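In: Model the following, please.
(one chain, ligands or ions: 3)
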Amino acid sequence: MKHSIVLLPGDGIGPEIVEQARLVLVAIAERFGHEFTFSSQQIGGIAIDETGDPLPQATVDACRSASAILLGAVGGPKWDDPSAKTRPEAGLLRIRKELGLFANLRPIKLFDQLADASPLRADIVKGTDILFFRELTGGIYFGESGSSGEGEDETAFQSMTYSRSEVKRIVRMAAQAARGRSNRLTSVDKANVLEPSRLWRRVAAEVMAEEFPDVNYDVVLVDAMAMHLINRPADFDVVVTGNMFGDILTDEASMLPGSLGMLPSASLGESGPGLYEPIHGSAPDIAGKGVANPLATILAAAMMLRHSMSLNEEADLIEAAVAEVLADGLRTSDLARGDSESAVGTEAMGAAVVAKIAK
Ligand SMILES: NC(=O)C1=CN([C@@H]2O[C@H](COP(=O)(O)OP(=O)(O)OC[C@H]3O[C@@H](n4cnc5c(N)ncnc54)[C@H](O)[C@@H]3O)[C@@H](O)[C@H]2O)C=CC1
Ligand SMILES: CC(C)CC(=O)C(=O)O
Ligand SMILES: [Mg+2]
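Out: Ligands and ions are numbered 1, 2, ... in the order given. So this is what the prediction gives:
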């Protein structure tokens, strides 16, 4: 089968990890006789440097006509000047909005082989298998913002807005997914304080009562959820929440499997190409050192095969290959926990996964 894949390597470790995922996709194509074509486009800081725009029109055009998009990460200290006209992160927010990618799926799944990699006790993290649905094109990240005044009077604001239809579509998608899993959905909000959360809670309850009465449904406040996640993670199945809460809770949840470097995500809309990326950022502290963990991006490539191309066997094979390399004892330094001497680098980890697929 033919598929065109747009690569958006971005900044920092982005190019290093996307290259390993590309090599894994090449191995899949060879083994199964598919034809994947790759086209690299610019986004983020590198795009600002080259074109002045973190999301050049050529990138948007290429993404629109692709089968799927694989992104590394954007951002870094070079572009952090608070007075700059634009930022790398604006490019990522815009591509999500332009393509209507309102649902960000972030699976938090434990590899048994990594039970010792989590900073939490093995008996707590055991059995963790959560699928987060983070709303991705609304909420505070897209709210009206501005600043005024000077000196001690200087003030800045960013508003949080959610509409009925935005809540409905993400809750529906999450509830559908719950039906295919353990039939449990938890909605996370801050309805005790925030008006958009109160709308979220009301609309979510309506959708669940009217369309999904068979799904076990509950609601949890976001501050309590932050605690429950590290206290009893195995109690959750599908979780649906807003843009910022989902962003923060999933970085926290990355400590359950042991590292931010292990968590992939899929950003999907009603139709059109999906965008796949690790949940982490551009990790400027390790960029260029060849030590970044490529597994989150490789697992994002597996999600791409499953969700955008219906290549389930191929996706399963990538996930099995990752499990096998971990069973063989391979660890990048983020997973090595105090034993970074024996850790392998980005390329060695990617090559090990490729070898399992090619065999
Ligand atoms: N989707 C994206 O493109 C995102 C971009 N960012 C941007 O990334 C830049 C850095 O942000 P940070 O707060 O440092 O978050 P980060 O996620 O880049 O890094 C946090 C920590 O995790 C480590 N880490 C992340 N990914 C890793 C991997 N694959 N292997 C090993 N270690 C890994 C880093 O070395 C760092 O110590 C900022 O400019 C931020 O805006 C942040 C989050 C998401
Ligand atoms: C715009 C991004 C930097 C937000 C983020 O941290 C994420 O999507 O994980
Ligand atoms: Mg984030």
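
In: contacts, neighbours, all on C-alpha from now
Out: Fine.

In: Contact partners for the residue in the stretch 101-250 of the chain positioned nearest to ligand 2?
Out: Nearest to ligand 2 in the stretch 101-250 of the chain, going by C-alpha to the nearest ligand atom, is residue 247, at a distance of 5.3 Å. For residue 247, the contacting residues are residue 134, by C-alpha atoms under 8 Å, 6 or more residues apart in numbering.

In: Next one, pLDDT for it please.
Out: Note on residue 247: pLDDT of 98.

In: ok, now residue 83?
Out: pLDDT at residue 83 comes out at 88.

In: Is there a neighbour count for it? I'd like the number.
Out: Residues lying near residue 83 (other C-alpha atoms under 10 Å) number 7.

In: For it, give its distance to residue 274.
Out: 33 Å (C-alpha to C-alpha, to the nearest Å).

In: go on, residue 107?
Out: Residue 107 is 16 Å from residue 274, where distance means C-alpha to C-alpha.

In: in the stretch 51-200 of the chain, which spans are helices?
Out: Here the stretch 51-200 of the chain has its helices, by DSSP state H, counting those that start in this stretch, at 57-64, 88-98, 122-125, 164-179, 195-211.

In: what sits against residue 84?
Out: Not one residue lies near residue 84 by C-alpha under 8 Å, 6+ apart.

In: Output the contacting helices and strands for the longest helix anywhere in the chain.
Out: In the chain, assigned by DSSP state H, the helix with the most residues is helix 14-32. Judged by 3 or more C-alpha pairs under 8 Å, 6 or more residues apart in numbering; DSSP states H and E, helix 14-32 is in contact with strand 2-10, strand 35-40, strand 68-73, helix 295-309, helix 312-327, helix 346-358.

In: So which of the ones you listed is nearest residue 155?
Out: Among the helices and strands packed on helix 14-32, the nearest to residue 155 by C-alpha to C-alpha is strand 68-73 (30.3 Å).

In: picking up where we left off before, among the helices of the stretch 51-200 of the chain, show the one with the smallest mean pLDDT.
Out: Looking at these, the bottom one is helix 122-125 with a mean of 93.

In: and residue 271, what does it touch?
Out: Residues near residue 271 by C-alpha under 8 Å, 6+ apart: none.

In: how close does residue 283 sit to residue 75?
Out: On the measure of C-alpha to C-alpha, residue 283 and residue 75 end up 9 Å apart.

In: intersection of neighbour lists for these two?
Out: Common neighbours of residue 283 and residue 75 (criterion: C-alpha under 8 Å, 6+ apart): residue 12.

In: Which one of those two is surrounded by more residues?
Out: Between residue 283 and residue 75, counted using other C-alpha under 10 Å, the more crowded position is residue 75 (26 against 18).

In: which residues touch that one?
Out: Counting by C-alpha under 8 Å, 6+ apart, residue 75 makes contact with 10, 11, 12, 44, 45, 87, 88, 89, 281, 282.

In: Top of these by number of neighbours, please.
Out: Within the contacts of residue 75, residue 45 tops the neighbour count with 30 neighbours, counted by other C-alpha under 10 Å.

In: who touches that residue in this structure?
Out: Listed by C-alpha under 8 Å, 6+ apart, the contact partners of residue 45 are 10, 11, 54, 74, 75, 76, 78, 79, 87, 88.

In: of all of this structure, which residue lies closest to ligand 2?
Out: Relative to ligand 2, the nearest point of the chain is residue 89 (4.7 Å; C-alpha to the nearest ligand atom).

In: could you measure that residue against residue 48, distance?
Out: For residue 89, the distance to residue 48 - C-alpha to C-alpha - is 11 Å.

In: Check the contact lists of those two and give me the overlap.
Out: residue 54.

In: For residue 318, which non-adjacent residue is spatially closest?
Out: Nearest non-adjacent residue to residue 318, counting by C-alpha to C-alpha, 6 or more residues apart in numbering: residue 302, 6.1 Å away.

In: I misspoke; the intended subject was residue 215.
Out: Leaving out its chain neighbours, the residue that sits closest to residue 215 by C-alpha to C-alpha, 6+ apart is residue 183, at 5.2 Å.
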